[in-house]
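S.K.: Have a look; sequence and predicted model below, questions after that.
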Amino acid sequence: MASTTALISCFDHRYKFSNYRHFLTCFLVCDVQLRATLTICYSTNIVLKEQSRLNSHPLWKTQCNNTKGGLLKQALSQQEKSVESNVYSLMYLCTNLKSLKQVHAHMFRTGLEQTISLNTKLVNMYAMNGDMEDARLVFDSICNTDILLWNAIIRGYAKKGFPEEAIALYYEMQQRGMQPDNFTFPFVLKACASLSFLLEGKEVHDDVVKTGLESDVFVVTALIDMYAKCGSIEVARDLFDKMPERNVVTWNAIVAGYAQYGYANEAICLFNRMQLEDVEPDAVTTVSVLQACSQSAALQQGISIHGFLVKCCLELDDFVGNSLLDMYAKCGSLDIAFRLFNKMSKREVVSWNAMIVGYAQNGHAREALALLSQMRLVGLIPTSVTMSSALQACADLGFLKQGMCIHADVLKCGLDSDVSVGNSLVAMYAKCARAEVACQIFDDMPNRNVVSWSAMIAGYVQGGHPTEALALFRQMQLANVKPNSVTMVSVVPAYSYLAALQQGKCIHGYIIKTGFESDVAVGTALIDMYSKCGNLQIARHQFDQMPKRNVISWSAMIAGYGMHGHGEEALALFAQMKETGMNPNHITFVCILSACSHAGLLDKGRHFFMSMIQDYRITPRMEHYACMVDLLGRAGHLNEAQEFIEKMPLDPGATVWGALLGACRVHCDIELGKHAAEYLFYLEPDKAGSYVLLSNIYAASGRWDEGAKVRANMKGKGVGKPPGCSLIEINNKVYAFLSRDRSDPESVKVYTTLESLLGHSEEECYVPNTNFVLHDVEE
């Protein structure tokens, strides 16, 4: 039999004919069974070319002639008896669909097409090769089926991504009177889990109880997995706790369930518990628990798990290595993540994506784009995850041209129909001030989800189109798309932009009704909205009512006090924040420095700037330097502000020079203002504000000719100043008034009322400030 097995194995197509000749030379004069097997093998037509060569081989001819019908007849008799088992064995040799179909054809020629065992194997083989159509044809052709055949077809559909068909067949087998067994249930439950079909899963659970398999470890593990993936983690945990016996797969199912829904602490606790119960975690366990650490930013637990992986030599597994990389990147430990990335012997697309996503999500947009370029150089094809993160990086940097290049790559790779990529394209164009392109992409998206709507709403707000943002939000509601917390965070700033307090109160009521008020980000957005609409009392009430606050919540309330000149209240709240143990971040210090600037608290502003560096080890950013220049400039310390700029460790940006130019306008410092304006003309040649401020400085000093030259220079470069705009809210409607605009049907009444108000103001001895008018009033 050993020689028979060896001969059969040589029929794998990976071997050449010389192998057959070798076996013939060695075994042709051996036992009958060997020759019978050889005859059967050739009769399958798998290797017809080699059969014809074998028939002409002198050794084969000699042996056949010598038998004179004796041994050969015995061989043919043995063939009839063992043909079924040998065809079964031949299926194992099929390495592709072509050879499998040849064996299938041979079954018809030999009358074996109704053999249950062979068809069960055939269905499994077709499914393994991804051909579920032929697998179903085989199944449907069988007159008398058994449970093994039903399990084979259900298993094939469940594993190859056709869960609906698997579930339909499960119900059909029951209608035909076929009783499911302990192999059927895991396959069907897998299908229910992949579709999140909780109702169907519960029905299968009832069938499990009816058949008395509720204590089968494999069936209960499948139930746990189904309930966890369908969101019923409590039911899954109850089943887990009641199991008398568990294996590592059971532990993996419950750990993965907790990790999937963000219960990081529970997942980590179970990981520790399974070790205490002497169940050794495998690669699947560690990948799930690392995912939990990533979601909750539990860096210390992640480091501990890394140590466990090193001890068990599991970190060498590619799957585990990529999970470690992803965990460190999402926890913000990009240096460790990059070291792991560099040490990897084999970097797959998943590895590159983890690093690119980590850089993009942690504010290192340039590094993300640089890594994308390296990924292309090594010949890897970016995926939807790669493109989405790269587009996010372009949006953060305002790199419109590079974003457009990535858009072209998206079209080349056929990823434009991917929802996540489409959402990223909308966000990128919106943040790069191309709202019309973002809107076009949004309208052309074949499938839009709540993220798509939220991205477009946020894009309108960020691009200065709050009215369009609110109109789109109403359209979203009419389309029966349920908003989430991100949608609300996106839409609330539109009311801030319009200073529409009454409408803002209405959206606050909607937020309470829909249960989003407890969300920290939504609550923070409401604080910002009320502050910018001028109602600090409601803003503070909203802040005090928040069940949870993060550093952004505290910063928003401090900023609200600061923008209205309540510097002392801002400082008091900052002190209260520190007392609660909440550490300020760089945004908090921008808010506190701005509050000091608006309130004229020069010494305290200096103190907080130094405290940020020395006490909190926060490296000042451009916005911190801009706040300090504004603080010094408002206080009239222009020379000190200039010296501060000259000592900056980084090149001053437009915000810094803009703060200095604004201070020069207030204090009429022409030379320093001209110096600051020259830098702004270079940094922001298309921005009208710098030209207007310099012109106003000249006008305030009576130097009309030089002011006119600045205006002429501005006009010659094609730089236009948007008209001034005032907003007023009456009866829940916001009215906008543009300078010199007479397009409104009520414009005659508006200007008549305005002239009347001006007359009343003169009667009250109001004297207008003409320091910054654009022509000589005396003329």
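M.R.: That came in fine, so what should we check first? Numbering: from 1, shown residues only.

S.K.: Helix or strand: which one has the nearest residue to F516 once chain neighbours are set aside?
M.R.: Leaving aside its sequence neighbours, F516 sits nearest to V522 (C-beta to C-beta, 6 or more residues apart in numbering; 4.8 Å). (Each C-beta comes from the backbone N, C-alpha and C, glycine too.) Assignment of secondary structure by DSSP states H and E places V522 within helix 520-532.

S.K.: S304 too?
M.R.: Counting by DSSP H and E, the element that carries S304 is helix 299-311.

S.K.: tell me the mean pLDDT over that helix?
M.R.: Mean per-residue pLDDT for helix 299-311: 85.

S.K.: what helices or strands is that helix leaning on?
M.R.: Secondary-structure packing of helix 299-311 (3 or more C-beta pairs under 8 Å, 6 or more residues apart in numbering; DSSP states H and E): helix 283-296, helix 318-330.

S.K.: I'd like to know which elements the helix holding V522 is packed against.
M.R.: Using 3+ C-beta pairs under 8 Å, 6+ apart, the elements in contact with helix 520-532 are helix 485-498, helix 501-514, helix 536-545, helix 551-563.

S.K.: What residues sit buried inside it?
M.R.: Neighbour counts over helix 520-532 (16 or more other C-beta atoms under 10 Å) mark V522, G523, T524, A525, L526, I527, D528, M529, Y530, S531, K532 as buried.

S.K.: For the fifth one, give its distance to S196.
M.R.: In other words, L526. L526 sits 33 Å away from S196, going by C-beta to C-beta, to the nearest Å.

S.K.: So F737: helix, strand or coil?
M.R.: Here F737 is recorded as strand under DSSP: H, G, I helix; E, B strand; the rest coil.

S.K.: cool, and the one 4 residues further on?
M.R.: Three-state assignment for D741 (three-state DSSP): coil.

S.K.: Count the residues that sit near it.
M.R.: For D741, the count of nearby residues is 13 (other C-beta atoms under 10 Å).

S.K.: show me what contacts it?
M.R.: Under the criterion of C-beta atoms under 8 Å, 6 or more residues apart in numbering, the contact list for D741 reads P723, S747.

S.K.: Now do the same for it: its pLDDT.
M.R.: Looking at D741, its pLDDT stands at 72.

S.K.: One more: A390?
M.R.: Per-residue confidence (pLDDT) for A390: 95.

S.K.: Quick check: it touching L369?
M.R.: Yes: A390 lies in contact with L369 (C-beta atoms under 8 Å); the separation is 6.3 Å.

S.K.: which of those two has more neighbours?
M.R.: The residue with more neighbours, out of A390 and L369, is A390; 31 against 21, by other C-beta under 10 Å.

S.K.: Check for me that that one belongs to a helix.
M.R.: Yes: under three-state DSSP, A390 falls within a helix.

S.K.: How about V349, nearest residue that isn't a chain neighbour?
M.R.: Closest residue to V349 apart from its sequence neighbours, by C-beta to C-beta, 6+ apart: L380 at 5.5 Å.

S.K.: so that neighbour sits in a helix?
M.R.: No: using three-state DSSP, the assignment for L380 is coil, not a helix.

S.K.: Quick check: phi and psi on it?
M.R.: Dihedral pair for L380: phi -90, psi 140, per degrees, to the nearest 10.
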